[in-house]
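>>> here you go, sequence then predicted model.
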Amino acid sequence: MVKLPEFLKTDCYVGGKWVAASSDKRLDVTDPATGDVLASVPRMGAEETDAAIAAAHAAFPDWSSRTAAERALVLQKWASLVRAHADDLARLMTQEQGKPFAESLGEIEYAASFLSWFAEEGRRLYGDIIPPHRNDARILVTRNPLGVVGGITPWNFPVAMVTRKAAPALAAGNCMVLKPAEATPLSALAVAALGEMAGLPAGVFNVVTGAREDAPAIGKALVDSPLVRKIGFTGSTAVGKQLMRDCAGDLTKISLELGGNAAFIVFDDADIEAALDGIQVCKFRNSGQTCIAANRILVQESIHDKFVAALSARARQIQVGHGLEKATEMGPLVDERGLEKVERLVADATDKGAKIHLGGKRHEAGGTYFQPTVMTGVSTEMDLAHEELFGPVAAISTFRDEQDAISMANDTPYGLAGYFYSRDVGRIFRVADALEVGIVGVNTGLISTEVAPFGGVKESGIGREGSKYGIDDWTELKYICLAGLGAAA
Ligand SMILES: NC(=O)C1=CN([C@@H]2O[C@H](COP(=O)(O)OP(=O)(O)OC[C@H]3O[C@@H](n4cnc5c(N)ncnc54)[C@H](O)[C@@H]3O)[C@@H](O)[C@H]2O)C=CC1
Ligand SMILES: O=C(O)[C@H](O)CS(=O)(=O)O
């Protein structure tokens, strides 16, 4: 366990103070690999959330009136502190979320990159001066902060999803109340501690934690408050839709990064070894618990058997274990609920005719570990063709030709990411254009970067995070018609 007291926080961060719940109720945080209790955090609700909103509201005038360069200095300091504490943050993340230490380290750098990136994007929130419609006037357009904003984040990237929301929001001059996932609150509180060390003024960034059953009340307090102008959410499509319905009450803006059902297409002209490398990162990273994971693997008929054999041989080598063990390449699923979902989807598929080539069951290591799994003969009659697996299961189907692959890939209400491997340049442009997604990986399974717009279409979400586009949703335009200036001589 991380032993740096100024770093590991087990109370919530509200108005620049570390506080418990008014009820004193607390939630145990456990290591998914061992079931050991790591620490406990407050179980907050509407009352404490309202207090955090009030603190953010009180902090907004000063924070928003600072220059973008002054805010950037704090965010850059925050980024350097996150990087300076990468090992401890990564160790903490591995213990509360389960991913291998090397993946946690990678996520810490990814998280810091959002702070560095948006520190500078905040300094480029340029407006416009538009040629006026009358000659005694000037037209100005400015981009302004919203005020108090809310963030609700998931457990699968417990540090990067926090900074991917907080960095643009604060860089634009907003003040935030964040609710992290019940499974991984310690990572979010550690990020807040480093923000405090970086010089964030009291109330600019607030973190309220709670159990799963507290989430609706915290969410409702955020959505219903007339002071909260926007909610940024990453998580399941079901919860995202509910939040969007609730935001309609007083038209609170909302951006949604929701579930996916990514197709991973391997054409017969693909570099097979490269495609296998791509599946390694796009299917088995984070034990498959990412919304951009390869949920459906579509392999062209002529290379199917060779590909399945090669993939099974690779998957068989994956070292499963505790994320802090050096040899570990894949950790446990985050909780029993996630494990039962994977078991249900695998059983449904085999009942409907899918064939297991490798794995398919709980791992002999026990706990919430699941075996790296390779299944073939997957069809649209099976639930896992339509539902986010969020597990280390390579579900393979075959396709005849390019049009068949595109139709299968687009046959889903989701539209976050899609991947394909081909070395035919005409096919690359045709398929990239035809996939109904927000993100396309061509000859790669790893698309995550702070410089590119991350987000989905259809039922995978609204808005984009990261990139020069990622700050827009945390700002509002103002048009100023400056008239009475007299006509130019
Ligand atoms: N798109 C993505 O990155 C993610 C997708 N998922 C999908 O969602 C499934 C379930 O995972 P969960 O972690 O349970 O996702 P979830 O959507 O239930 O939780 C995500 C966040 O929303 C909060 N939340 C839950 N219900 C809420 C409510 N009524 N009001 C306000 N906040 C609420 C949770 O406490 C957490 O902080 C996964 O199996 C996966 O399919 C989950 C996490 C991330
Ligand atoms: O940036 C990423 O890699 C994703 O946000 C992680 S997830 O949303 O696919 O889980």
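Nice, I can see it. Numbers count the residues shown, from 1 in each chain. Ligands and ions are numbered 1, 2, ... in the order given.
>>> give me the secondary structure label for E96.
Using DSSP: H, G, I helix; E, B strand; the rest coil, the structure places E96 in helix.
>>> you'd agree it is up against D36?
No - with contacts counted by C-beta atoms under 8 Å, E96 stays clear of D36, the gap being 10.6 Å. C-beta here means a position set from N, CA and C on the backbone, and glycine is covered the same way.
>>> now do the contacts for the closest residue to ligand 2 within the stretch 351-489 of the chain.
Relative to ligand 2, the nearest point of the stretch 351-489 of the chain is S448 (3.4 Å; C-beta to the nearest ligand atom). Counting by C-beta atoms under 8 Å, 6 or more residues apart in numbering, S448 touches Y110, I292, F454.
>>> now pLDDT and neighbour count too, for these, in JSON lines please.
JSON lines is the format used below for the contacts of S448 (pLDDT from 0 to 100; neighbours: other C-beta atoms under 10 Å):
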{"residue": "Y110", "pLDDT": "98", "neighbour count": "19"}
{"residue": "I292", "pLDDT": "98", "neighbour count": "25"}
{"residue": "F454", "pLDDT": "98", "neighbour count": "25"}
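>>> tell me the contacts of the residue most central in space within the chain?
Centroid check for the chain by C-alpha atoms, centre = their mean gives M161 as the closest residue, at 4.6 Å. The contact partners of M161, by C-beta under 8 Å, 6+ apart, come to T153, P154, T234.
>>> for the residue lying closest to the first one once chain neighbours are set aside, give its distance to ligand 2.
Of all residues not flanking T153 in the chain, M161 sits nearest, at 4.2 Å (C-beta to C-beta, 6 or more residues apart in numbering). Relative to ligand 2, M161 is positioned 6 Å away (C-beta to the nearest ligand atom, to the nearest Å).
>>> please shift the residue numbers so they start at 40 in all later answers.
I'll keep to 40 as the first residue from here, and by that count the last item is M200.
>>> A helix includes M200, no?
Yes - applying three-state DSSP, one finds M200 inside a helix.
>>> tell me the helices in the stretch 240-389 of the chain, going along the chain?
254-263, 276-286, 311-322, 343-355, 375-390 (DSSP state H, counting those that start in this stretch).
>>> can you put those helices in JSON lines and add mean pLDDT and distance to G54?
Output for those, formatted as JSON lines (pLDDT from 0 to 100; distance: least, C-beta to C-beta, whole Å):
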{"stretch": "helix 254-263", "mean pLDDT": "98", "distance to G54": "15"}
{"stretch": "helix 276-286", "mean pLDDT": "98", "distance to G54": "25"}
{"stretch": "helix 311-322", "mean pLDDT": "97", "distance to G54": "41"}
{"stretch": "helix 343-355", "mean pLDDT": "98", "distance to G54": "49"}
{"stretch": "helix 375-390", "mean pLDDT": "98", "distance to G54": "33"}
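>>> need those in CSV (columns: mean neighbour count and distance to ligand 2).
Putting the helices of the stretch 240-389 of the chain into CSV (neighbours: other C-beta atoms under 10 Å; distance: least, C-beta to the nearest ligand atom, whole Å) gives the following:
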stretch, mean neighbour count, distance to ligand 2
helix 254-263, 20, 18
helix 276-286, 17, 12
helix 311-322, 20, 10
helix 343-355, 17, 20
helix 375-390, 18, 13
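>>> of the ones you listed, which is nearest ligand 1?
helix 254-263 (2.5 Å).
>>> okay, angle between the closest one and helix 276-286 too, please.
40 degrees (axes from the mean of the first three to the mean of the last three C-alpha atoms, to 10 degrees).
>>> quick one: contacts for A227?
For A227, the contact set (C-beta under 8 Å, 6+ apart) comprises T192, P197, V198, V201, L217, P219, V246, T248.
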